[in-house]
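> Build me a model:
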Amino acid sequence: MTDLTHPASRIRNWKLTLAYDGTDFSGWQVQPGERTIQGELQAALGRVIGEAPLPQGSGRTDAGVHALGQAASFALAAPIPPGNLLYAVNRTLPDSIRIVEARTAPDTFHARHSAVAKTYEYRVFEERPPGGAAGLCPPFLARYVHACAWPLDLEALEAAARHFVGEHDFLSFAATDPDLAARVSEVGVPASAVRAIFSSHWQRRESESGSLLVYRVRGSGFLHHMVRNLVGTMLDAGRGYRLADEIPAMIAARARSAAGPTAPARGLFLHSVEYGGADI
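Numbering: from 1, shown residues only. As a prediction, the model looks like this:
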């Protein structure tokens, strides 16, 4: 048992950076009877440290969404060195979850509230690439891409992506957001759906496995399903169902029905989370 009176046993704040394959999990957040990333990490800490704080993530990735650089914070009393924590907890986590960095952090640091920017990446496998041979998505990629069987125009995708840059009310691109519903001011006004998008662009990547279209978006924050709804709308533009120039009107409508469909979760990755220098 940890001696909390020992100087080395003072409670310390921790920051972890995690990568995970979200396919077999019901998202980040703990849910009764469901297997989640947050729940697995909490259980692993309990097995190794003997303490089981609930790790706070930078955001709640949905079921099936992956992460390359999710951040989590929590407090521990145990005087364990960061390298030992990383090694020992990874040994007891499922193979599909890995801590890639463990470090102590200032007491003021919070994985969600201290974040200043996030970057997401969405990957589309082109089963009918322009000028190339048609082919099915390889089975070892299928868990990590949205396989599209129709031709996509990269110029139309890029034109659509540019319309999202800047500060906008993204209510048309949000599912019913439990966070927005919960954050109501004293006068009963729901929290804002305004977010700032710093960059938004597509690129085509060729590999031995085939042609990938990769969308990367960096912003101050994102609403529930927002990135997947942006992608679904842009894919409609890329296949000629909508015009990229219709997007400003979709934003102005502030209605989910005005925008395009929700892209599948399996193509989405939380790429990275950024923090200000004073926080970490």
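
> CA atoms for contacts and neighbours, from now on please.
OK.

> What count of nearby residues applies to residue 33?
For residue 33, the neighbour count with other Cα atoms under 10 Å is 7.

> Give me the pLDDT for the residue lying closest to residue 215 once chain neighbours are set aside.
Leaving aside its chain neighbours, residue 215 sits nearest to residue 202 (4.4 Å; criterion: Cα to Cα, 6 or more residues apart in numbering). Looking at residue 202, its pLDDT stands at 98.

> One more: residue 114?
For residue 114, pLDDT reads 95.

> ok, it to residue 42 distance?
21 Å (Cα to Cα, to the nearest Å).

> check contacts around residue 135.
Residue 135 makes contacts with 127-128, as judged by Cα atoms under 8 Å, 6 or more residues apart in numbering.

> Where does residue 89 fall, secondary structure wise?
helix 82-92 (DSSP states H and E).

> related to what we said a few turns ago, mind listing the strands the one helix or strand the residue nearest to residue 215 maps to pairs with, and their directions?
According to DSSP H and E, residue 202 maps onto strand 194-207. Pairing partners of strand 194-207, with direction, according to DSSP bridges: strand 166-169 (antiparallel), strand 210-219 (antiparallel).

> Minimum distance to residue 27: which of those has it?
Closest of the strands paired with strand 194-207 to residue 27 is strand 210-219, at 20.4 Å (criterion: Cα to Cα).

> Only the C-alpha atoms, please, for the closest one, written as PDB.
What follows is strand 210-219, C-alpha atoms only, in PDB (Å, rounded to 0.1, in the frame of the first residue of the first chain):
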ATOM      1  CA  GLY A 210      -3.800   1.200 -53.700                       C
ATOM      2  CA  SER A 211      -4.900   4.900 -53.800                       C
ATOM      3  CA  LEU A 212      -5.900   6.700 -50.600                       C
ATOM      4  CA  LEU A 213      -7.500  10.100 -50.200                       C
ATOM      5  CA  VAL A 214      -6.600  11.600 -46.900                       C
ATOM      6  CA  TYR A 215      -8.500  14.500 -45.300                       C
ATOM      7  CA  ARG A 216      -6.700  16.400 -42.500                       C
ATOM      8  CA  VAL A 217      -8.500  19.000 -40.400                       C
ATOM      9  CA  ARG A 218      -7.000  21.100 -37.500                       C
ATOM     10  CA  GLY A 219      -9.200  23.200 -35.300                       C
END
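
> Any idea how far it is from the middle of the chain?
The chain centre lies 14 Å from the centre of strand 210-219; the measure is Cα atoms, centre = their mean, to the nearest Å.

> what element comes up after it heading to the C-terminus?
Using DSSP H and E, the helix or strand that follows strand 210-219 towards the C-terminus is helix 226-238.

> Contacts for that following helix next, please.
Counting by Cα under 8 Å, 6+ apart, 120, 122, 151-157, 160-161, 170, 173-175, 215, 242-244, 259-265, 268 sit against helix 226-238.

> how about the very next helix or strand once past it: buried residues?
Next helix or strand after helix 226-238 toward the C-terminus (DSSP H and E): helix 247-253. The neighbour-count check on helix 247-253 (16 or more other Cα atoms under 10 Å) flags 247, 250-251, 253 as buried.

> just stretch 103-115 next, same as before
Applying 16+ other Cα under 10 Å to stretch 103-115 flags 103-105, 109-112, 114-115 as buried.

> Quick check: mean pLDDT of the helix or strand encompassing residue 42?
Assigned by DSSP H and E, residue 42 belongs to helix 37-49. For helix 37-49, mean pLDDT rounds to 97.
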